[in-house]
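> Have a look at this fold, sequence not included:
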């Protein structure tokens, strides 16, 4: 993640774009890219989704790359160690979703 973040920040800095990157606008960019990813699946039934994934894997991957780009850039700007944040969140989720209650369930933790 560190190498990717460095490449992304160099890309931004080479273009003098950091001046446009405040937390609100970079958060908006993250959500916009996530919706472009989501758009690949909108209005499709399971069979159409399966076919779409097979035929548009590269385009879907580009959208996921855009999402990751903004996640990493936001974390960098906010000085958040994503690896530590994910580890901590997994620990929290393990408490909220113990295996013996959550396995095979899609129920929210408050309903387990």
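Arrived safely. Quick caveat: nothing in here was measured; it's all calculated off a predicted structure.
> So in this protein, where's the weakest helix or strand by average pLDDT?
helix 99-102 (a mean of 94; mean pLDDT, DSSP states H and E).
> what is the rounded mean pLDDT of the strand or helix carrying residue 5?
According to DSSP states H and E, residue 5 maps onto helix 2-14. For helix 2-14, mean pLDDT rounds to 97.
> what's the answer for stretch 75-94, then?
Here the average pLDDT along stretch 75-94 is 98.
> got a list of contacts for the lengthiest helix in the chain?
Identified as the longest helix of the chain according to DSSP state H is helix 57-77. Outside helix 57-77, the residues that touch it by Cβ atoms under 8 Å, 6 or more residues apart in numbering are 1, 4-5, 8-9, 12, 21, 23, 26-27, 29-30, 33-34, 36-37, 40, 53, 80-82, 85. Placement of C-beta: from N, CA and C, glycine included.
> ok, 6 Å please
4-5, 8, 26, 29-30, 33-34, 36-37, 40, 82 (Cβ atoms under 6 Å, 6 or more residues apart in numbering).
> How about stretch 5-25?
Residues contacting stretch 5-25 (Cβ under 6 Å, 6+ apart): 69, 72-73, 76.
> let's go with 8 Å and repeat that
With contacts defined as Cβ under 8 Å, 6+ apart, stretch 5-25 is touched by 69, 72-78.
> Same check on stretch 97-112?
For stretch 97-112, contacts defined as Cβ under 8 Å, 6+ apart pick out residue 96.
> mind running it again at 10 Å?
93-96 (Cβ atoms under 10 Å, 6 or more residues apart in numbering).
> Could you check how far residue 95 is from residue 83?
20 Å (Cβ to Cβ, to the nearest Å).
> One more: residue 77?
To residue 83, residue 77 is 17 Å away according to Cβ to Cβ.
> Who has more neighbours out of the two?
Taking neighbours as other Cβ atoms under 10 Å, residue 77 and residue 83 compare with residue 77 leading, 15 against 11.
> In ChimeraX, how would I select just the buried ones from the contacts of stretch 5-25?
Listed next is the ChimeraX selection for buried residues among the contacts of stretch 5-25, using 16 or more other Cβ atoms under 10 Å:
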select :69,72,73,74,75,76
